[in-house]
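Novice: Build the 3D model from these lines:
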Amino acid sequence: MIRVCSIDPFDLFRYVPDGTVLRFGKTTIGCLGGIETANPEEKQSIDQRQYERLLAASPGEIDILITHDAPYGVGTNYYGETQGSRRITALIERLQPKYLIAGHYHHAIGPHQYGDTTYFGLNVIMNLRKEQGGPTEPGWMAVLDTDRDELTPVADEWPVECGEPFPFQAYCANLRANRRP
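Specialist: Numbering: from 1, shown residues only. A predicted model of the protein is given here:
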């Protein structure tokens with residue numbers, strides 16, 4: 001069984017397995033990876049078992065939902081097709097978390113309201129497409145103030161003022177290569 005584990009020596013970044021529910025003080029965070037696809041057998045699809053596990057939680061039990069895919073209606077693509085996942089929307093409607101944090105679309109989106117849930121779509125932490133290289137853009141992280149129960153996306157320039165993207169992949173590869181079994 002894979003557990004939550006740190007992936008950096010400063011314990012700032014953690015790997016969180018699909019379907020994990022974390023508790024930090026009074027705050028409960030549910031995590032779901034994958035995207036909604038036409039074929040649920042595809043590797044990148046939302047894992048049905050983990051989805052149903054989260055869906056079984058009581059409304060209000062999860063304060064923050066972190067997903068890879070975004071809710072349905074978040075935008076339209078180049079062809080005018082509606083983007084987002086109906087399954088993520090159903091999860092929001094069932095769980096009614098205060099916040100939904102998602103990625104997938106590689107740019108900052110929101111905040112948007114889905115009922116009582118505030119949705120933030122985060123930017124990428126690093127641009128993986130060589131033709132779109134360059135510095136990271138704001139909107140790739142958010143700060144949770146547990147005393148005030150507020151989640152704020154960081155849109156300031158200060159995290160990216162170094163001018164070059166942080167070599168996160170190389171850093172993680174080096175970390176993995178130097179780990180002891």
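
Novice: Next, count neighbours for the closest residue to residue 5 other than its chain neighbours.
Specialist: The spatially closest residue to residue 5, leaving aside those adjacent along the chain, is residue 15, at 5.4 Å (Cβ to Cβ, 6 or more residues apart in numbering). All C-beta atoms are positioned from the backbone trio N, CA, C, and that covers glycine. Here the count is done by other Cβ atoms under 10 Å, and residue 15 has 12 residues near it.

Novice: Over to residue 40?
Specialist: Residue 40 has 13 neighbouring residues, counting by other Cβ under 10 Å.

Novice: Show me the shaky parts of the chain.
Specialist: Along the chain, segments meeting pLDDT under 70 span 1-2, 125-138, 156-181.

Novice: any idea how far the residue lying closest to residue 108 once chain neighbours are set aside is from residue 122?
Specialist: Residue nearest to residue 108 in three dimensions, not counting chain neighbours: residue 139, with 2.9 Å by Cβ to Cβ, 6+ apart. From residue 139 across to residue 122, the span is 6 Å (Cβ to Cβ, to the nearest Å).

Novice: Now list whatever residues contact both of the two.
Specialist: 108, 153 (Cβ atoms under 8 Å, 6 or more residues apart in numbering).

Novice: Quick check: which element contains residue 87?
Specialist: When secondary structure is defined using DSSP states H and E, the element that contains residue 87 is helix 86-95.

Novice: got the CA positions of the very next helix or strand once past that helix in PDB?
Specialist: Using DSSP H and E, the helix or strand that directly follows helix 86-95 along the chain is strand 99-102. Listed in PDB are the C-alpha atoms of strand 99-102, where the atom choice follows Å, rounded to 0.1, in the frame of the first residue of the first chain:
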ATOM      1  CA  TYR A  99     -12.900  24.700  -1.600                       C
ATOM      2  CA  LEU A 100     -12.100  22.700  -4.700                       C
ATOM      3  CA  ILE A 101      -8.500  23.000  -6.000                       C
ATOM      4  CA  ALA A 102      -7.800  21.500  -9.400                       C
END
